[in-house]
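# Need coordinates for the following:
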Amino acid sequence: MPGCKTYAILFPAMLQDYLLLAVLLVVATIFPIGGLITAFIIRPHRPGKIKGDTYECGLETIGETWVQFRVQYYIYALVFLIFDIETIFLLPWAVAYNQLGLFSLIEMFIFLALLLGGLVYAWRKGALEWI
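Predicted structure coming up:
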């Protein structure tokens, strides 16, 4: 093939892999942005009073529509997420415990100590107090 030699001269073997990655990255960027731009161009734009109104279960809102949530809800969610991910790490370790040896036992104790330290820190700061 006459074109392959020119291609190999322009792009050495290592660069060929990166060229494919670059093409994939460009396509992965252009494809969603192109869809968003197309949707923005062809969408119907008919603003009105009813369309700009806040929707709350089909009823008109009474009072202030902006409600500020307490930060405690998010802290509880983050603590739950941390311990949920801890479970994901502990399960495969427990299943393969017999094949891993003493080094992995020490690593798991270090991992659990770090998580326990974070829990104690959050507890002492009062982040787990429900008010």
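# Next one: V95, what pLDDT does it get?
Looking at V95, its pLDDT reads 86.
# Could I get the contacting residues of it?
Contacts for V95 (CB atoms under 8 Å, 6 or more residues apart in numbering) come out as none. C-beta: built from backbone N, CA, C; applies to glycine.
# and the next element down the chain from the longest helix seen in the chain?
Looking across the chain with DSSP state H, the single longest helix is helix 13-42. Following helix 13-42 in sequence order, the next helix or strand is helix 71-95 (DSSP states H and E).
# mind checking how far the longest helix of the chain is from the chain centre?
Chain-centre distance of helix 13-42: 21 Å, with CA atoms, centre = their mean, to the nearest Å.
# cool, and stretch 89-103?
With CA atoms, centre = their mean as the basis, stretch 89-103 stands 27 Å off its chain's centre.
# Likewise for stretch 116-126?
25 Å.
# Now do the contacts for the residue nearest to the spatial centre of the chain.
With distances taken as CA atoms, centre = their mean, the residue of the chain nearest its centroid is L81 (12.4 Å). Contact analysis of L81 by CB under 8 Å, 6+ apart lists nothing.
# Let me know the distance separating it from I75.
11 Å (CB to CB, to the nearest Å).
# Tell me, what's the model's pLDDT at Y121?
89.
# Give the other helices and strands that whichever strand or helix holds N98 contacts.
Here N98, judged by DSSP H and E, is contained in helix 97-100. Of the remaining helices and strands, none touches helix 97-100 by 3 or more CB pairs under 8 Å, 6 or more residues apart in numbering; DSSP states H and E.
# need the next SSE after that helix, C-terminal direction.
Next in line after helix 97-100, if elements are assigned by DSSP H and E, sits helix 102-124.
# and the angle for that next one with helix 71-95?
170 degrees (axes from the mean of the first three to the mean of the last three CA atoms, to 10 degrees).
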